Every structure is written in structure tokens, then in C-alpha cells.
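Visitor: the sequence and its predicted three-dimensional model are supplied below.
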Amino acid sequence: MTDQLFELHLQGLRLERPYAQSQALVRVGEYMLEHVIRLFRADCVKADGGVVGPICAELLPGGLKAEIDPQGQAQFEATGELLDRVTNTQHPNAKVVAAAGRPALAQALGVLESALVARTAAGKAVDDNFKLQEALRSQHRVEVVRLQGQVQSTFPDDTRRQDAVFPEKPSKPKAKAKEPGPGTPS
């Protein structure tokens with residue numbers, strides 16, 4: 001059982017790297033998506049004549065901050081809503097900007113989605129491994145206590161033999177009293 005615990009521990013360590021990498025991919029995916037959203041907003045402002053006008057109001061009603069502040073899954077959902085607005089706009093002047101910006105938004109959103117899926121899968125693998133470790137640790141504690149009881153009942157009067165199999169936890173050594181040195185009162 002101890003070997004199984006050790007192997008699960010090693011497996012858990014091996015799972016940490018893919019999880020960390022997937023977290024990095026999510027951060028990079030978010031950065032790329034936010035860059036695309038900023039470029040799209042700039043195109044909307046340009047189409048509005050250099051000011052935030054009706055096209056921006058139609059496609060980015062909450063402004064840029066509402067589109068780029070969310071993180072992770074919330075970023076994915078917010079950009080999905082933006083993409084829906086871009087796809088379904090009926091504003092005649094916004095349709096041109098929307099048609100031009102839709103492919104880049106969709107591609108960047110797809111990159112983020114892939115990263116989020118990878119992070120979820122890697123996180124689940126780490127969590128599942130940890131749950132297995134917890135369950136096996138619990139079983140291991142029960143087994144150690146059972147074996148300890150069995151050794152104690154087999155050798156009830158032989159504490160040296162009991163201690164050889166299940167040694168006492170070492171206690172902290174007591175601080176020795178300092179011997180008086182030269183020049184110290186005794």
C-alpha cells in the first residue's frame with residue numbers, strides 16, 4: 001500500500017506540469033483575445049468617424065472594459081455574447097465592421113475555448129489523483145493502526161519488539177542545563 005501511495009504521489013507531481021502549462025495557455029489565450037477585441041473596438045470607432053458612436057453602442061454596449069475585464073470562463077462567455085451581437089447586428093453601418101471583425105473574434109475565441117477545455121481536463125486529472133491519494137492515505141492509516149494492534153497483541157509484554165516494528169516518534173531533545181562557565185556565578 002505504501003508503494004501505491006508513493007506512485008500516486010509521483011503521478012500527482014507529473015500531473016502538475018500539464019496543469020501549469022494549461023493555465024499559461026489560458027492566460028495567453030485571454031491576452032490574444034483581448035488584443036483582438038481592442039482592434040475590433042478601434043475599427044468600430046474608426047467606422048463611427050473617430051468617436052464612440054452608434055456602431056460602438058450597438059456592438060460594444062458596455063464599452064471596452066465590459067469586454068476585456070472578465071477572466072477565464074467569464075471572458076469566454078462575455079466574448080461569446082459579443083460574437084452573437086456581431087453576428088446578429090441589424091445596424092446597417094455596423095454590418096460592415098461586424099463582417100470584417102467576426103473571423104478574428106471567432107478564431108481568438110476558439111483558441112481561448114481550447115485552452116479552457118485543456119485546463120479543465122488537466123485540473124480534473126490533478127483533483128482525481130488527489131482524491132485517490134486521500135482515500136489511499138485513509139486506508140493506509142487504518143491498516144497501520146490494525147497492524148500496530150496486531151503486533152501489540154502478539155507481543156504484549158515485549159515493548160522492545162513492538163518498538164522495533166512501530167518505533168515511538170522521536171521527541172524533541174530536552175535542552176541541557178548550561179554548565180557554569182568561567183566568569184559566571186555558580
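Guide: On my side now, so go ahead.
Visitor: so, low pLDDT: which residues of the protein?
Guide: Along the chain, the parts satisfying pLDDT under 70 run over 169-186.
Visitor: where do the helices sit along it?
Guide: Assigned by DSSP state H, the helices in the chain fall at 2-47, 54-59, 63-68, 73-88, 92-154, 159-165.
Visitor: pick the most buried one from these.
Guide: When the helices of the chain are scored by mean count of other C-beta atoms under 10 Å, the highest mean neighbour count falls to helix 54-59 (a mean of 19). (Each C-beta comes from the backbone N, C-alpha and C, glycine too.)
Visitor: show me what that one is packed up against.
Guide: On a contact count with 3 or more C-beta pairs under 8 Å, 6 or more residues apart in numbering; DSSP states H and E, helix 54-59 meets helix 2-47, helix 73-88, helix 92-154.
Visitor: can you lay out the ones you listed as TSV showing distance to residue 55?
Guide: Supplementary listing: the helices and strands packed on helix 54-59 in TSV, determined by distance: least, C-beta to C-beta, whole Å:
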stretch	distance to residue 55
helix 2-47	5
helix 73-88	11
helix 92-154	5
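Visitor: from the chain's centroid, how far away is stretch 81-94?
Guide: 34 Å (C-alpha atoms, centre = their mean, to the nearest Å).
Visitor: what is the end-to-end distance of that stretch?
Guide: Using C-alpha to C-alpha, to the nearest Å, one end of stretch 81-94 lies 16 Å from the other.
Visitor: what residues does it touch?
Guide: Stretch 81-94 is touched from outside by 37, 40, 44, 47, 54-55, 58-61, 67, 95, 98, 101-102, 105-106, 109, with contacts defined as C-beta atoms under 8 Å, 6 or more residues apart in numbering.
Visitor: what about 10 Å?
Guide: Stretch 81-94 is contacted from outside by 33, 37, 40, 44, 47-48, 53-62, 66-67, 79, 95, 97-102, 105-106, 108-109, using C-beta atoms under 10 Å, 6 or more residues apart in numbering.
Visitor: what does the nearest residue to residue 78 once chain neighbours are set aside show for phi and psi?
Guide: In space, residue 78 comes closest to residue 70 once its chain neighbours are excluded; the distance is 4.6 Å by C-beta to C-beta, 6 or more residues apart in numbering. The phi/psi pair for residue 70 (degrees, to the nearest 10) reads phi -60, psi 160.
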